[in-house]
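Chemist: Okay, here's the prediction I keep looking at, along with the sequence it came from:
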Amino acid sequence: MTADPFVTHRGLLFTVAYEMLGSAADAEDVLQESWLRWSQVDRSEVLDARAYLVRIVTRQALNQLRTMSRRRETYVGEWLPEPLLTSPDVADDVELAESVSIAMLTVLETLGPTERAVFVLREVFDVPYDEIAAAVDKSPAAVRQIAHRAKEHVAARRPRVAVDRTEQEAVVARFIAAVNSGDLQGLMDVLAPDVVSVADGGGFVKGAARRPIYGADKIARYLLGGLAKLGLPFEARPTWVNGHPAIRGEVDGELAGAICFEVEGGRITRIFSIANPNKLGRLDEAAQLVR
């Protein structure tokens, strides 16, 4: 018996939805709704099941994006994407790893819903313009213009800086060693002078900064000072999150958050800390991200 195309392409469909939404929970909702719609389709009329399913998921994700934007208006503090545990081999596909990085997903948040859909489908999944047009209810000519604008928008906010994977791992390892030993100077040495730290506690985590913090000295002292006040043992452990070396933070042996980084020139230039407990449900089993 041949597997249903939805099952065959589920990893791809989840990745499309997740890149459009930045939320695994919302992506799963989109897949559930898309499955219901797919189950009602006359398969004999479907020429390309993969393209058809991507179109369904894109439309459902656009609907979800509009709902999410209303939820964001009342979100406490900074909003960051939901982190996903990934296997190291996701990093082997450099373009996929870049597209699902917390840094890139944060930039995609600055695009409008249609722009984001077009960018993701074109730049990440190389979907033809006519297929994107059908998914977002625009003409192919309009989609080309949207794609061009979105690409320029993203490039202006996220310059492509090639960072060696080994270098990334080494920098994160230095950060972990400094945090676990309470080494203030060691921590400052691995941070770029103009580093920025963004935290997402969702209003649930005491001590989580509700605004970005700037500068190596301020961030290092804030981080180590906050850990000292916990009153419980904290351990930073290496892991892979969204295709990049990252940290799993544990307090008294329990998962407390994920920390992701941007690295440039052997130093950390940006820190993303996700501690909202509602966003930590996908850090124990590796997500299947494919394109």
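Modeler: On my side now, so go ahead. Numbers count the residues shown, from 1 in each chain.

Chemist: Mind jotting down where the strands sit in the chain?
Modeler: 191-200, 213-214, 234-241, 244-251, 254-264, 267-274 (DSSP state E).

Chemist: Let me have those in TSV, adding mean neighbour count, mean pLDDT and distance to residue 24 as columns.
Modeler: Glycine gets a C-beta too; all of them are placed from N, C-alpha and C. Formatted as TSV, the strands of the chain follow (neighbours: other CB atoms under 10 Å; pLDDT from 0 to 100; distance: least, CB to CB, whole Å):
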stretch	mean neighbour count	mean pLDDT	distance to residue 24
strand 191-200	20	96	14
strand 213-214	14	96	27
strand 234-241	18	96	12
strand 244-251	22	96	15
strand 254-264	21	95	12
strand 267-274	22	96	12
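
Chemist: Turn those into CSV, including distance to residue 35.
Modeler: Conversion of the strands of the chain to CSV gives the following (distance: least, CB to CB, whole Å):
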stretch, distance to residue 35
strand 191-200, 30
strand 213-214, 42
strand 234-241, 27
strand 244-251, 30
strand 254-264, 29
strand 267-274, 28
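
Chemist: To residue 127, which of these lies closest?
Modeler: strand 244-251 (24.7 Å; CB to CB).

Chemist: Can I get that closest one in PDB, CA atoms only?
Modeler: Extracted in PDB, the C-alpha atoms of strand 244-251 (Å, rounded to 0.1, in the frame of the first residue of the first chain):
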ATOM      1  CA  HIS A 244      23.100  25.500  15.200                       C
ATOM      2  CA  PRO A 245      25.200  24.900  18.300                       C
ATOM      3  CA  ALA A 246      23.300  26.100  21.300                       C
ATOM      4  CA  ILE A 247      22.800  25.700  25.100                       C
ATOM      5  CA  ARG A 248      20.200  23.800  27.100                       C
ATOM      6  CA  GLY A 249      20.000  25.500  30.400                       C
ATOM      7  CA  GLU A 250      19.000  23.400  33.400                       C
ATOM      8  CA  VAL A 251      18.100  24.500  36.900                       C
END
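
Chemist: what's the angle between that strand and strand 267-274?
Modeler: Strand 244-251 and strand 267-274 are oriented at 50 degrees to each other (axes from the mean of the first three to the mean of the last three CA atoms, to 10 degrees).

Chemist: How far off centre is strand 244-251?
Modeler: 15 Å (CA atoms, centre = their mean, to the nearest Å).

Chemist: Walk me through which strands it pairs with, and which way each runs.
Modeler: strand 234-241 (antiparallel), strand 254-264 (antiparallel) (DSSP bridges).

Chemist: Residue 220: how many residues sit nearby?
Modeler: Residue 220 has 23 neighbours, counted by other CB atoms under 10 Å.

Chemist: Which residues are in contact with it?
Modeler: Going by CB atoms under 8 Å, 6 or more residues apart in numbering, residue 220 touches 184, 187, 188, 191.

Chemist: From residue 271, how far off is it?
Modeler: 11 Å (CB to CB, to the nearest Å).

Chemist: sorry, back to before: could I get the strands paired with strand 244-251 in TSV, plus columns for distance to residue 30?
Modeler: Converted to TSV, the strands paired with strand 244-251 look like this (distance: least, CB to CB, whole Å):
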stretch	distance to residue 30
strand 234-241	21
strand 254-264	22
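
Chemist: Excluding chain neighbours, what is closest to residue 62?
Modeler: residue 113 (5.4 Å; CB to CB, 6 or more residues apart in numbering).

Chemist: Next one: the one you found from residue 158, what distance?
Modeler: 19 Å.

Chemist: Many thanks, have a good one.
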